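S.K.: 3D model of this:
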Amino acid sequence: MKSPICDMLGIEFPLFAFSHCRDVVAAVSRAGGFGVLGATAHSPETIEQELTWIDGHIGGKPYGVDVLIPENMSTAGETNVTWKSLEARVPAQHRDFTRNLLSKHDIELAAPPVADNQAQPFDPKWALEMLEVSFHHPIKLIANALGVPPKEMIEMGRQRGVPVAALVGAKEHALRQVAAGVDILVVQGTEAGGHCGEVSTMVLVPEVIKAIKKVRDVPVLAAGGIMTGRQMAACMAMGAAGVWTGSVWLATVESETSEIFREKMIAASSRDAVRSKGRTGKPARQLRSVWTDAWDSGCDSPGALPMPLQSIISRDAFHAIDRAAAAGNPKARDLVSYFVGQGVGLIDSVKSAGGVVQEFKEDFLEAVEHMNALVAE
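M.R.: Numbering: from 1, shown residues only. The predicted model follows:
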């Protein structure tokens, strides 16, 4: 395709697949798209293992790495913050609320072991160390969410000739990113899974393209609720150079999600993907469950803690929830959730990642042919 993104990254089809699963990343890149590994849950040691595996299974195709370095976090400016030191800051009422909620569903809250030096969730230093490790591999893109990437990250990319992408959810955010020097903007509408803003993709993409045109020519990837090639064609008709997708890969056989969650995705409607602070402390779109209802109810809920403290609570809770559900606890199923966008309403079956890429290509071509027929003489 004649897209600036294809030329920049050496890819055939500008379909970007964000996934925490290495199998999805490799499968999408092999099929002609561009896989991006979400590294947030990793350490420098485990990211080395994951990227080594990808290198051996991707057939020389390009791929990227995504980290999450929040620009605003309650621990900003503090040093030597560890997971264990944060645990001591979690108020007793939040621990009691969580324990009681799980107990009502016959789930025992048992926290997995944490090393004394384990970094806090979304630790900037930890993320930069993972990027250093990543650059020992043939990555072709690094990306950041939740704010302007730190200067060190942008310099890392420039020194190695690797483009830096950043996610934005508002026009003013996009302008700040362009001024900071990012190479690619991922313009993400509120339909998206995970952390997102309040403006729809259909409005936000052209708004950002118009705003940055006066400043600097930066390729835009549209994101938020994009599940088909027809939607991809629509976004590119608005001026996007490609699309950044996430939720569609959760319903693939290679995905890291559980069979229970896949079943819930297939049964869900688009209205079941809600924005809630109950998992990370910042508004993040996820599948509605008893967990989101409880934290957002405003009745008995103590209210979500700021990032990263809420993640201390939710990680232990969801470890227990998923384990109980997998063991056959029917009540635990009601609490099972994960980050997913409003496009979940379009998921009707589980497919292979390569098959999804092929469907995107076919749908995209059909949409382009349809549009061409409208203007044909």
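S.K.: How about the contacts made by residue 59?
M.R.: Contacts for residue 59 (CB atoms under 8 Å, 6 or more residues apart in numbering) come out as 29-30. Where C-beta positions appear, they are placed from N, C-alpha and C, glycine not excepted.
S.K.: What helix or strand is residue 197 located in?
M.R.: For residue 197, there is no helix or strand it lies in under DSSP states H and E.
S.K.: burial count for it?
M.R.: The criterion is other CB atoms under 10 Å. On that basis, residue 197 has 18 neighbouring residues.
S.K.: could you measure residue 279 against residue 243, distance?
M.R.: Residue 279 sits 25 Å away from residue 243, going by CB to CB, to the nearest Å.
S.K.: Apologies, that question was intended for residue 138.
M.R.: On the measure of CB to CB, residue 138 and residue 243 end up 23 Å apart.
S.K.: Looking at the two, which is more packed in?
M.R.: Neighbours were counted for residue 138 and for residue 243 using other CB under 10 Å; residue 243 has more, 29 against 15.
S.K.: Now do the host helix or strand of residue 323: which elements does it pack against?
M.R.: Assigned by DSSP H and E, residue 323 falls within helix 309-326. If contacts are counted by 3 or more CB pairs under 8 Å, 6 or more residues apart in numbering; DSSP states H and E, helix 309-326 sits against helix 83-87, helix 92-103, helix 290-296.
S.K.: Would you indicate which residues of the last one are buried?
M.R.: Buried residues in helix 290-296, counted by 16 or more other CB atoms under 10 Å: 290-292, 294-296.
S.K.: what comes into contact with it?
M.R.: Contacts of helix 290-296 with the rest of the structure, by CB under 8 Å, 6+ apart, involve 97, 101, 105, 274, 276-279, 286, 300-301, 303-304, 317-318, 321, 334-335, 337.
S.K.: quick one: average pLDDT of that helix?
M.R.: Helix 290-296 carries an average pLDDT of 94.
S.K.: Name the nearest residue to residue 329, sequence neighbours excluded.
M.R.: residue 106 (5.8 Å; CB to CB, 6 or more residues apart in numbering).
S.K.: ok, that neighbour - contacts?
M.R.: So residue 106 contacts 324, 329, 331-332 (CB under 8 Å, 6+ apart).
S.K.: Quick check: it vs residue 16, distance?
M.R.: Separation of residue 106 from residue 16 (CB to CB): 41 Å.
S.K.: With residue 267 instead?
M.R.: Going from residue 267 to residue 16 by CB to CB gives 27 Å.
S.K.: Those two: which is more packed in?
M.R.: Counted by other CB under 10 Å, residue 267 and residue 16 do not tie: residue 16 has more neighbours, with 28 against 11.
S.K.: Bridged to that one, which residues?
M.R.: residue 34, residue 244 (DSSP bridges).
S.K.: quick one: it and residue 248 touch, right?
M.R.: No: with contacts counted by CB atoms under 8 Å, residue 16 stays clear of residue 248, the gap being 11.2 Å.
S.K.: Residue 186 belongs to a strand?
M.R.: Yes: assessed with DSSP: H, G, I helix; E, B strand; the rest coil, residue 186 lies in a strand.
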